[in-house]
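> Fold the following.
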Amino acid sequence: MHPDWDEDSPRLRKNLTEVLHEIQRAAYARVIPTRETARQWQRHFLRDLEVPDPRVVGSFRGEPGFEHIAVRVAGRYGVEPSSVDQELKGFESKLKELILQLDALILPDQTPDVDQLSAIIDVCAWVHAEWIRIHPFANGNGRTARLWANCIALRYGLPPFVRLRPRPNSGYGEAGARAMDGDWKPTGVVFHRLLNEFLDVDAL
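Residues are numbered from 1 along each chain as shown. Modelled structure (predicted):
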């Protein structure tokens, strides 16, 4: 019997670790990720898990068969299913713009300075918060959002500082609720804190 898709199981952790390794390889090659990249991440980390409806694996809300799937987190709804595709197009376009700006400033193997580091964390926070706001999947959006944040961090030589499972503390849940309202800046505050905590622990 496979573990439940929401259970913090060894299988899920193994899947997430494998996805993170894939992300690391792509980040070092500076491949620009897309929504299709995220679709593959979700398919991978749900592999060999018990999913109530297998059709939701790799499917965005609003796609055929999922035209009426709404999601709610802490009393807040993700965007309407009919708007998910357009929202993801905007997300992808803005993300590409932000990545190209950072790529021009931070060359491969270059250590970011203080201002560049702050800019990287802001992009990590924005991409995470936007994915949470849109909530394109029926399940697995939080895990995918954390993979997005680590994807950006790894691209510019930072460690994968956002814990995948269990979800982080340090105000992460409250920042996610604000993200559902369209405010990414609280996530930025949390991510600066998480990176500092990660680096402090790593230095011990």
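> for the protein, what are the low-confidence residue spans?
Residues of the chain that meet the criterion pLDDT under 70 lie in 201-204.
> Tell me which other helices or strands the longest helix seen in it touches.
Assignment by DSSP state H gives helix 81-105 as the longest helix of the chain. Contacts defined by 3 or more Cβ pairs under 8 Å, 6 or more residues apart in numbering; DSSP states H and E place helix 81-105 against helix 35-45, helix 114-134, helix 141-155. Heads up, the C-betas are built off the backbone N, CA and C, glycines and all.
> Swap in 6 Å and give it another go.
Applying 3 or more Cβ pairs under 6 Å, 6 or more residues apart in numbering; DSSP states H and E, one finds that helix 81-105 contacts helix 114-134.
> now the longest helix of the chain: how far from the chain's centre is it?
13 Å (Cα atoms, centre = their mean, to the nearest Å).
> What are the contacting residues of that helix?
Residues external to helix 81-105 that are found in contact with it (Cβ atoms under 6 Å, 6 or more residues apart in numbering): 32, 34-35, 60-62, 67, 69, 79, 123, 127, 130, 134, 136.
> Just put the residues you listed in CSV and tack on neighbour count and distance to T144.
Converted to CSV, the contacts of helix 81-105 look like this (neighbours: other Cβ atoms under 10 Å; distance: Cβ to Cβ, whole Å):
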residue, neighbour count, distance to T144
I32, 13, 17
T34, 14, 13
R35, 18, 10
F60, 21, 11
R61, 25, 13
G62, 21, 16
E67, 11, 21
I69, 18, 16
V79, 19, 15
V123, 23, 16
V127, 25, 10
E130, 21, 12
I134, 25, 11
P136, 28, 8
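> how big is the angle separating the longest helix of the chain from helix 141-155?
If you take axes from the mean of the first three to the mean of the last three Cα atoms, to 10 degrees, helix 81-105 sits at 10 degrees to helix 141-155.
> quick one, helix 81-105 and helix 35-45 angle?
100 degrees.
> Okay, buried residues for helix 81-105 please.
Across helix 81-105, burial judged by 16 or more other Cβ atoms under 10 Å covers P81, V84, E87, L88, F91, E92, L95, L98, I99, L102.
> same thing with stretch 181-192?
W184, P186, T187, G188, V190, F191, H192.
> ok, the most centrally placed residue in the chain - contacts?
Centroid-nearest residue in the chain: A145, 1.9 Å away (criterion: Cα atoms, centre = their mean). By Cβ under 6 Å, 6+ apart, the contact set of A145 is H128, W131, I132.
> same thing but at 8 Å, please
Contact analysis of A145 by Cβ atoms under 8 Å, 6 or more residues apart in numbering lists V127, H128, A129, W131, I132.
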